[in-house]
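1. Take this sequence and fold it.
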Amino acid sequence: MDQLALLFMLLLGAVVTVPVGERFGLPAPVLMTLLGIVLALLEFVPDVDIPPELILPSLLPPLLYAAARRTSWRQFAANKRPIFFLAVALVFVTTFAVAAAAQAIVPGLPLAAAVALGALVAPPDPVAATAVAGQLSLPRRMVSILEGEGLFNDVTAIVIYHVAIAAAVSGTFSPWGAGLDLVLSAVVAVAVGLALGWAAGKLMDLLGDATLQVGMTLLVPYASYVLAEELHGSGVLAVLTTALFLAEYATDADAVLARLSKATFWEVVETLVTGVAFGLIGLELHNAIRTASGRWGEMLGWAGTIVAVVVVVRLAWLIPASWLTKRLHETRDYDEEFPVSWRETVVMWWAGMRGVASVALALAIPLTMDDGSPFPDRDEIVFIAFGVIMATLLLQGLTLPWLVKKLGVRADISIEKAFEKELAIRATKAAKRRLREIEQVEDLPEEVSEQLLRRAFDIGVRISPDMADEERREAYAQRARRMKRMLRIQGEMMSAARHEVLSARREPGADPEIVDRVLRHLDVRSLR
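-> Below you'll find the model as predicted:
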């Protein structure tokens, strides 16, 4: 099996593990990691041969962009304090706690290399956390904090990692210089992210075609990452800024086809890239076994110690941070989301799984120093990082569903239903308001106005049936049954039309381009 065949195996696994995970209630990333481990144990499967410098720019931009599309800048701004405690402060604390422990147990490990190890195991993985949270129906406030932590902690950890690697490779380190680099890196990244987000939004408006717009969204995160890195900024922060800008300001409410196409496309991309990334985590077992050969006890002891530090530090930090955030909320009336009970705090603690970012950073450690000598203890660092990733991802990922069920942490359906009803009412009022505006300038027959008014009301009822009273709900249910029957028949009619057009593709002299154009028209009509 060569590298290309291995890649296709991981892509196939990424697709297959999604329904398998849903069937057994397990996160797909965890299953992909297990698949990677199985492949690593097979003799005919080769080692992964990816240049370290290509790991981060290949995997992180699409994953971060896909994750950021599901949230908004206002959500981050509203929860800046909990996210700061987790994504910035906790990453620093974990990094230096791990660095201190690593220096104490690994003989001769340089400080800069120890800090690099701390930085790469500090950030919980946003993909794993959100994948698990989505399946477990956690409260929305917890999902928001996990998403915010997962996205911003990568930024913090990667900046610290780069500073530590630069210090280790060059042999020099200046605290003031490192602090200035951190600030400049953030400023450059935000500037690049905003500029590219604005330019991409304008360009997509000019392109118009949904297919071209979707293609642009694939190029944008890579362009943002690479440009920021070339200008010595944080590529991760640039991608995050670009994604949030496009989600906030570059959305056309009437671009229905483009929006649906982008959503489907990015679900596919996220599934495949996530699968490959977590499969690579499992495949690293090859190198871990080779590294630990002859000294398993010592290496496992080191990895176990760092795992304990990572897990204990997160819990020790979460308890006072949650209490402080809650106190600030009560005394100053901050409108923030935070764990409201010890049960939610425990779930937040156990959801701190390491994953894609950690393995990418571990594999991206350079092989040599500036003077040509090997990077100090690189194999040991990669083994310890692999141990932390596997222990947190498999142990916590496989037991988190059980823990959530045991503690009874669930989303408050009544709050979600209330917000859904509010949006339905607003949508209905907007439709009615627009109808009144049209009636003032156009002479509509009375029966047409009444029919349009009913349809305006139906817009909201379809979203939230609770907004209608009992009598109206029954009337709507009857209309819905009639509409469902009509749509079923209409769907069969459209299906017959599509089959007829498709059969024309096989006829002699048929122009496939014209057939596809007509078929696209029928597909769009069916979608509407």
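
2. how far away is Val524 from Ala195?
-> 34 Å (Cβ to Cβ, to the nearest Å). Placement of C-beta: from N, CA and C, glycine included.

3. Of the two, give the one with the bigger neighbour count.
-> Ala195 (16 against 11; other Cβ atoms under 10 Å).

4. Now do the same for that one: its pLDDT.
-> Among the per-residue scores, Ala195 holds a pLDDT of 93.

5. give me the element it is part of.
-> Assessed by DSSP states H and E, Ala195 sits inside helix 175-207.

6. Which secondary structure elements does that helix sit against?
-> helix 140-170, helix 210-230, helix 235-249 (3 or more Cβ pairs under 8 Å, 6 or more residues apart in numbering; DSSP states H and E).

7. Export the ones you listed as a markdown table, with columns for mean pLDDT.
-> Output for the helices and strands packed on helix 175-207, formatted as a markdown table (pLDDT from 0 to 100):
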| stretch | mean pLDDT |
| --- | --- |
| helix 140-170 | 79 |
| helix 210-230 | 89 |
| helix 235-249 | 85 |
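
8. any idea of the angle the helix holding Ala195 forms with helix 210-230?
-> 160 degrees (axes from the mean of the first three to the mean of the last three Cα atoms, to 10 degrees).

9. orientation of helix 175-207 relative to helix 140-170 in degrees?
-> Using the same axes, to 10 degrees: helix 175-207 against helix 140-170 is 120 degrees.

10. Figure out how far helix 175-207 is from the centre of its chain.
-> 20 Å (Cα atoms, centre = their mean, to the nearest Å).

11. what comes up buried for it?
-> Buried positions in helix 175-207, judged by neighbour count with 16 or more other Cβ atoms under 10 Å: 178, 181-182, 185-186, 188-190, 192-197, 200-201, 204.

12. Kindly report the same for stretch 94-106.
-> Buried-residue list, stretch 94-106, by 16+ other Cβ under 10 Å: Thr94, Thr95, Phe96, Ala97, Val98, Ala99, Ala101, Ala102, Gln103, Val106.

13. Farthest pair within the residues you listed?
-> Thr94 and Val106 (17.2 Å; Cβ to Cβ).

14. ok so, going back, next, format the buried residues of stretch 94-106 as a markdown table and append pLDDT, distance to Met9 and secondary structure.
-> Output for the buried residues of stretch 94-106, formatted as a markdown table (pLDDT from 0 to 100; distance: Cβ to Cβ, whole Å; DSSP: H, G, I helix; E, B strand; the rest coil):
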| residue | pLDDT | distance to Met9 | secondary structure |
| --- | --- | --- | --- |
| Thr94 | 93 | 34 | helix |
| Thr95 | 93 | 35 | helix |
| Phe96 | 92 | 39 | helix |
| Ala97 | 94 | 38 | helix |
| Val98 | 94 | 33 | helix |
| Ala99 | 93 | 36 | helix |
| Ala101 | 94 | 37 | helix |
| Ala102 | 93 | 34 | helix |
| Gln103 | 91 | 39 | helix |
| Val106 | 88 | 34 | coil |
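
15. Give me the angle between the strand or helix carrying Glu420 and helix 140-170.
-> Assessed by DSSP H and E, Glu420 sits inside helix 413-441. Helix 413-441 runs at 100 degrees relative to helix 140-170, counting by the same axes, to 10 degrees.

16. Quick check: next helix or strand after helix 413-441?
-> Next helix or strand after helix 413-441 toward the C-terminus (DSSP H and E): helix 446-463.

17. mean confidence score for that next one?
-> For helix 446-463, the per-residue pLDDT averages 73.

18. Packing partners of that helix?
-> By 3+ Cβ pairs under 8 Å, 6+ apart, helix 446-463 packs against helix 413-441, helix 470-504.

19. Report the secondary structure state of the most centrally placed residue in the chain.
-> What sits nearest the mean C-alpha location of the chain, by Cα atoms, centre = their mean, is Ala67, with 2.7 Å. What DSSP: H, G, I helix; E, B strand; the rest coil gives for Ala67 is helix.

20. I'd assumed Leu151 was in contact with it.
-> Yes: between Ala67 and Leu151 there is a contact at 6.1 Å, judged by Cβ atoms under 8 Å.

21. Which per-residue confidence value corresponds to the nearest residue to Gly491 once chain neighbours are set aside?
-> Excluding the flanking residues, the one nearest Gly491 by Cβ to Cβ, 6 or more residues apart in numbering is Ser526, at 7.1 Å. The model reports Ser526 with a pLDDT of 70.

22. What angle do helix 470-504 and the helix or strand harbouring Ser526 make with each other?
-> In this structure, Ser526 is located in helix 512-527 according to DSSP H and E. Orientation of helix 512-527 against helix 470-504 (the same axes, to 10 degrees) gives an angle of 170 degrees.

23. so what does helix 512-527 touch, helix or strand wise?
-> Looks like helix 512-527 contacts helix 256-283, helix 470-504 (3+ Cβ pairs under 8 Å, 6+ apart).

24. Does the longest one pack against any helices or strands, and if so which?
-> Translated: helix 470-504. Counting by 3+ Cβ pairs under 8 Å, 6+ apart, helix 470-504 packs on helix 446-463, helix 512-527.

25. what's the answer for the shortest one, then?
-> With contacts defined as 3+ Cβ pairs under 8 Å, 6+ apart, the packing partners of helix 256-283 are helix 3-24, helix 28-41, helix 52-69, helix 126-136, helix 210-230, helix 356-363, helix 378-390, helix 512-527.

26. could you check the angle helix 378-390 makes with it?
-> Going by the same axes, to 10 degrees, helix 256-283 makes 120 degrees with helix 378-390.

27. Okay, angle between helix 256-283 and helix 52-69 too, please.
-> Using the same axes, to 10 degrees: helix 256-283 against helix 52-69 is 140 degrees.

28. ok, and for helix 256-283, which residues are buried?
-> Neighbour-count burial for helix 256-283 [16+ other Cβ under 10 Å]: 257-258, 261-262, 265-266, 269-283.

29. How about stretch 17-30?
-> Buried-residue list, stretch 17-30, by 16+ other Cβ under 10 Å: Thr17, Val18, Gly21, Leu26, Pro27, Ala28, Pro29, Val30.

30. Which members of these are the farthest-apart pair?
-> Maximum distance among the buried residues of stretch 17-30 (Cβ to Cβ): 12.1 Å, for Val18 and Val30.

31. tell me the mean pLDDT for the lengthiest helix in the chain?
-> Ranked by residue count and defined by DSSP state H, the top helix of the chain is helix 296-332. For helix 296-332, mean pLDDT is 82.

32. Is Ile365 in a helix, a strand, or coil?
-> Applying three-state DSSP: Ile365 is coil.

33. Now it. Nearest residue, chain neighbours left out?
-> The shortest distance from Ile365 to any residue other than its chain neighbours is 5.5 Å, reached at Arg378 (Cβ to Cβ, 6+ apart).

34. where's stretch 159-167 relative to the chain centroid, distance-wise?
-> Distance, centroid of stretch 159-167 to centroid of chain: 24 Å (Cα atoms, centre = their mean).

35. pLDDT score for the residue nearest to the centre of the chain?
-> On the pLDDT scale, Ala67 gets 78.

36. how near is it to Val163?
-> Counting by Cβ to Cβ - Ala67 and Val163 are separated by 24 Å.

37. Please name the spatially closest residue to Glu380 (chain neighbours excluded).
-> Using Cβ to Cβ, 6+ apart, the nearest residue to Glu380 is Val106, at 6.1 Å.

38. give the contact list for Gly279.
-> Leu10, Gly13, Ala14, Met32, Thr33, Leu35, Gly36, Leu39 (Cβ atoms under 8 Å, 6 or more residues apart in numbering).

39. How is the closest residue to the last one other than its chain neighbours assigned, secondary-structure-wise?
-> So the one you mean is Leu39. In space, and not counting its chain neighbours, Leu39 is closest to Val45: 4.8 Å by Cβ to Cβ, 6+ apart. Counting by three-state DSSP, the backbone at Val45 sits in coil.
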